[in-house]
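take this sequence and fold it.
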Amino acid sequence: MCALPEDALLKANNELNEVPEERAAKTESLRGKIGDLQRRDKLPQNCRTDDRMLVRFLRGNKFDVDKSLSQYTNYQNFRRKIPGLSVEDLTYDSVKEVLETGVFEIVEGKCSTGCQGIILYPPKWNMQHHKIEQIICAAFYMLEVLFEKHEDVEIHGIRLLEDFTNFSFFQQLKMEANLLTAGKPIMEFIQEVFPMRLKGVHLINEPWYVSTLIAIIKPFMKQKMRKRITYHRTNYDELNVYFSPDVLPATLGGSQSLAVPLVLQLCRD
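I've put the predicted structure just below:
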């Protein structure tokens with residue numbers, strides 16, 4: 001663990017309060033607090049408490065042990081609450097069908113600030129075949145694998161790009177119905193559960209009626225999250241400030257063309 005390049009370690013120190021000499025002690029402190037909750041049956045006995053897992057939560061909370069414990073508890077409770085998210089149920093086979101639709105893609109290469117880019121294609125979500133819980137499970141699995149295989153993402157963070165090309169008004173109405181019940185857990189997942197640094201959410205090719213979707217989930221957004229949403233419409237020059245063409249697929253004006261989508265390569269191996 002921590003076989004990271006010097007620039008990542010320096011960023012972790014400057015932005016996340018990560019001091020190598022204190023890492024082990026804080027990890028052990030967090031593990032002890034988790035153990036106390038397990039002994040009182042507040043957390044499941046089979047949850048991961050290895051160093052790799054705990055440092056992920058410490059980085060996500062700037063090495064504040066109590067905040068890390070709070071998010072770790074949210075994470076475990078969320079996994080028990082959402083169907084399909086338990087340790088036993090969440091496997092590649094359980095999310096393969098959703099991932100193969102292409103609703104998610106992982107950007108090849110890094111964004112301008114070192115962030116890992118993830119693309120979400122809402123028009124590819126077949127709401128008649130896949131429930132919102134299945135989409136959450138697929139996203140959860142993808143992030144778990146990404147963070148496990150690429151430790152630097154914990155430090156540099158993630159930038160999400162949502163491409164609404166060919167998103168119909170009918171799809172909009174169907175998604176509205178889903179978000180009325182799922183808007184709160186989705187924002188809970190993003191803001192309170194998964195220990196990721198979400199540096200920005202970018203919308204491209206969004207029709208005017210997408211604003212209704214944002215309005216539904218906005219009450220569940222923290223102010224920090226609201227400030228990180230950028231609407232690009234069809235302004236690719238503006239988008240390229242954050243996502244350079246060499247990391248974007250050809251459909252978004254980029255030069256990337258993979259025979260097998262990176263998200264599938266990463267998750268199935």
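
where does the stretch 51-200 of the chain dip in pLDDT?
Scanning the stretch 51-200 of the chain for pLDDT under 70 picks out no residues.

now the helices for it?
For the stretch 51-200 of the chain, applying DSSP state H, counting those that start in this stretch gives helices covering 51-60, 65-81, 92-99, 132-149, 153-156, 169-188.

out of the ones you listed, flag the one nearest Leu37.
helix 65-81 (6.9 Å; CB to CB). C-beta here means a position set from N, CA and C on the backbone, and glycine is covered the same way.

got the CA positions of the closest one in PDB?
The C-alpha atoms that make up helix 65-81 are tabulated as PDB, following Å, rounded to 0.1, in the frame of the first residue of the first chain:
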ATOM      1  CA  VAL A  65     -10.900   9.600  12.500                       C
ATOM      2  CA  ASP A  66     -14.400  10.400  13.800                       C
ATOM      3  CA  LYS A  67     -15.700  11.600  10.400                       C
ATOM      4  CA  SER A  68     -14.100   8.600   8.800                       C
ATOM      5  CA  LEU A  69     -15.900   6.300  11.300                       C
ATOM      6  CA  SER A  70     -19.200   8.100  10.500                       C
ATOM      7  CA  GLN A  71     -18.900   7.600   6.800                       C
ATOM      8  CA  TYR A  72     -17.700   4.000   7.200                       C
ATOM      9  CA  THR A  73     -20.800   3.400   9.200                       C
ATOM     10  CA  ASN A  74     -23.000   5.000   6.500                       C
ATOM     11  CA  TYR A  75     -21.200   2.900   3.900                       C
ATOM     12  CA  GLN A  76     -22.000  -0.400   5.800                       C
ATOM     13  CA  ASN A  77     -25.600   0.600   6.500                       C
ATOM     14  CA  PHE A  78     -26.200   1.600   2.900                       C
ATOM     15  CA  ARG A  79     -24.900  -1.700   1.700                       C
ATOM     16  CA  ARG A  80     -27.400  -3.500   3.900                       C
ATOM     17  CA  LYS A  81     -30.300  -1.200   2.900                       C
END
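
next, format the helices of the stretch 51-200 of the chain as a markdown table and append mean neighbour count and distance to Ser255.
Shown next, in a markdown table, are these (neighbours: other CB atoms under 10 Å; distance: least, CB to CB, whole Å):
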| stretch | mean neighbour count | distance to Ser255 |
| --- | --- | --- |
| helix 51-60 | 21 | 32 |
| helix 65-81 | 18 | 37 |
| helix 92-99 | 16 | 23 |
| helix 132-149 | 19 | 22 |
| helix 153-156 | 22 | 22 |
| helix 169-188 | 15 | 29 |
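
in JSON lines: those helices, plus distance to Tyr231.
As requested, the helices of the stretch 51-200 of the chain are exported to JSON lines (distance: least, CB to CB, whole Å):
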{"stretch": "helix 51-60", "distance to Tyr231": "27"}
{"stretch": "helix 65-81", "distance to Tyr231": "29"}
{"stretch": "helix 92-99", "distance to Tyr231": "26"}
{"stretch": "helix 132-149", "distance to Tyr231": "22"}
{"stretch": "helix 153-156", "distance to Tyr231": "24"}
{"stretch": "helix 169-188", "distance to Tyr231": "16"}
